[in-house]
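Novice: Give me coordinates for this.
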Amino acid sequence: MPVIEALLEAFPFRILGFHADNGSEYINHQVAKMLDKLAAEFTKSRPRHSNDNGLAETKNGAIIRKHLGYSHIPQRFAAEVNAFCAEHLNPYVNFHRPCLFAEEYLDTKGKTRKRYPLDAVMTPLEKLTSLPNASDFLKPGVTLDALREKSRAMSDNEAVERLNTARNRLFQSLSKRSRNAA
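Specialist: Numbering: from 1, shown residues only. Sure, this is the predicted structure:
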């Protein structure tokens with residue numbers, strides 16, 4: 001529960017929905033009560049239907065695995081990894097990492113297709129600010145100007161350098177503690 005609460009608190013916008021796999025860490029009375037309090041819709045994946053979690057699996061491959069690797073990270077290091085994500089990885093992804101956003105169109109056969117034009121490449125913050133009435137989606141007390149200011153605090157290159165330095169420190173710390181524990 002504390003991890004889920006911290007994750008939800010980290011988002012600058014109101015949570016309207018929460019999708020999870022079938023893990024017991026998400027499907028319990030405490031989580032249901034918290035989501036009910038947020039008036040958020042809760043959906044879950046069906047067993048053995050990996051396509052139900054396509055967005056999460058895409059993020060795992062493109063972001064998580066790229067920056068944290070494929071190796072198992074023992075639970076005893078969870079606090080350090082979570083701190084790294086909150087302080088470095090999440091701000092980099094939300095404010096500095098460009099993403100492709102799809103544009104839908106109908107092909108000659110009437111089928112809906114997607115394309116990814118260059119002018120639709122933007123950071124998640126830029127995408128949020130491009131929406132009409134974007135400020136309506138934010139939590140009380142959070143403003144688009146404050147988010148933009150956070151984004152401008154450093155350049156994209158500075159953000160990735162800071163991320164890489166922090167990741168190297170994290171892995172050195174985990175490696176050192178793993179050898180000492182063995």
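Novice: What score does Ala62 have for pLDDT?
Specialist: Note on Ala62: pLDDT of 81.
Novice: Please work out how many residues are found near it.
Specialist: 13 (other CB atoms under 10 Å). Glycine gets a C-beta too; all of them are placed from N, C-alpha and C.
Novice: do Leu163 as well
Specialist: 20.
Novice: counting contacts, what elements does the one helix or strand it maps to pack onto?
Specialist: Counting by DSSP states H and E, the element that carries Leu163 is helix 156-181. Here helix 156-181 touches helix 65-68, helix 78-84, helix 90-95, going by 3 or more CB pairs under 8 Å, 6 or more residues apart in numbering; DSSP states H and E.
Novice: Could you tell me which residues make contact with Leu144?
Specialist: Leu128, Thr129, Ala134, Ser135, Leu138 (CB atoms under 8 Å, 6 or more residues apart in numbering).
Novice: Pro132 now?
Specialist: Per CB under 8 Å, 6+ apart, neighbours of Pro132: none.
Novice: I'd like the distance from stretch 123-137 to the chain centre, please.
Specialist: 16 Å (CA atoms, centre = their mean, to the nearest Å).
Novice: can you check stretch 93-108 too?
Specialist: So, by CA atoms, centre = their mean, the centroid of stretch 93-108 is 16 Å from its chain's centroid.
Novice: Next, the distance between the ends of it.
Specialist: Its first and final residues considered, stretch 93-108 spans 36 Å by CA to CA, to the nearest Å.
Novice: who touches that stretch?
Specialist: For stretch 93-108, using CB under 8 Å, 6+ apart, the contacting residues are 63, 112-117, 120-125, 127, 147, 150-151, 154, 156, 159-160.
Novice: Leaving out the residues flanking it, which one is nearest to the residue most central in space within the chain?
Specialist: Of all residues in the chain, the one closest to the mean position by CA atoms, centre = their mean is Asn90, 6.4 Å from it. The shortest distance from Asn90 to any non-neighbouring residue, by CB to CB, 6 or more residues apart in numbering, is to Ala10 (6.6 Å).
Novice: do Ser135 as well
Specialist: Spatial nearest neighbour of Ser135, excluding adjacent residues (CB to CB, 6+ apart): Leu144 at 5.5 Å.
Novice: how much space between the one you found and Tyr116?
Specialist: 25 Å (CB to CB, to the nearest Å).
Novice: what do you get for Asp156?
Specialist: For Asp156 relative to Tyr116 (CB to CB), the value is 20 Å.
Novice: For the protein, just list every one of the helices.
Specialist: 2-10, 29-38, 54-59, 65-68, 78-84, 90-95, 124-130, 144-152, 156-181 (DSSP state H).
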